[in-house]
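A.B. asks: whatever this is, show me its structure:
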Amino acid sequence: MAHQNSFFRHILCLLFISSSMLLTSVHAQVIDEYSGQETYMRYCAACHGVSAVGDGPVARGLPISVPDLTLLQQRSGASFQEDLLRKIIDGREIVVVHGTRYMPVWGYEFWVEEGGNEEAQERVDTIVDNLVEYLRSIQR
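C.D. replies: Sure, this is the predicted structure:
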């Protein structure tokens, strides 16, 4: 019985070490290394939904309709307005078209998350680029 308990403790210890190593490697990845889809799923899907049609679990609690991001190109007259989309995502520049801002100011949030310095701004640009390219890829 004592031998069996020791064996189980050893297995649990190995599982703990393995899971700790996995979590450490997951947390070691910085946001600018995420694909656009990974960034979308982590930061946007709660409101815009997994399918980006505006039906995320948080959307029901907001006083506005969350836009369907798969129709951005269609709504703008068949052109994909990349620069406007970058400004909306970043949020640090006022975009009148966007109206009242319920969406977080992701440019600032990413900048802080990435370290809040000059190099962080370069990484924020990469994050937004990846996200814009992902949104371009899901247009209907």
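
A.B. asks: tell me where the chain has helices.
C.D. replies: Under the criterion DSSP state H, the chain carries helices at the ranges 2-28, 36-43, 45-48, 72-75, 82-90, 106-113, 118-137.

A.B. asks: quick one: the second one to chain centroid distance?
C.D. replies: If I follow you right, that is helix 36-43. From the chain centre to the centre of helix 36-43 is a distance of 3 Å (CA atoms, centre = their mean, to the nearest Å).

A.B. asks: which parts of it are buried?
C.D. replies: Gly36, Gln37, Thr39, Tyr40, Tyr43 (16 or more other CB atoms under 10 Å). Where C-beta positions appear, they are placed from N, C-alpha and C, glycine not excepted.

A.B. asks: that one vs helix 118-137, what angle?
C.D. replies: Angle, helix 36-43 to helix 118-137, by axes from the mean of the first three to the mean of the last three CA atoms, to 10 degrees: 100 degrees.

A.B. asks: give me the mean pLDDT for helix 36-43.
C.D. replies: Taken as a whole, helix 36-43 carries a mean pLDDT of 97.

A.B. asks: hey, C-alpha coordinates of that helix in CSV?
C.D. replies: Taking C-alpha atoms only, helix 36-43 is exported to CSV below (Å, rounded to 0.1, in the frame of the first residue of the first chain):
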residue,chain,number,x,y,z
GLY,A,36,-4.9,36.9,-36.7
GLN,A,37,-7.4,34.2,-35.9
GLU,A,38,-5.9,33.4,-32.5
THR,A,39,-6.0,37.1,-31.7
TYR,A,40,-9.6,37.3,-32.8
MET,A,41,-10.7,34.3,-30.7
ARG,A,42,-8.9,35.7,-27.6
TYR,A,43,-10.0,39.3,-27.8
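
A.B. asks: which secondary structure elements does it contact?
C.D. replies: helix 118-137 (3 or more CB pairs under 8 Å, 6 or more residues apart in numbering; DSSP states H and E).

A.B. asks: repeat that for 10 Å
C.D. replies: Secondary-structure packing of helix 36-43 (3 or more CB pairs under 10 Å, 6 or more residues apart in numbering; DSSP states H and E): helix 106-113, helix 118-137.

A.B. asks: by mean pLDDT, show me the worst of these.
C.D. replies: Across these, helix 106-113 gives the lowest mean pLDDT, at a mean of 92.
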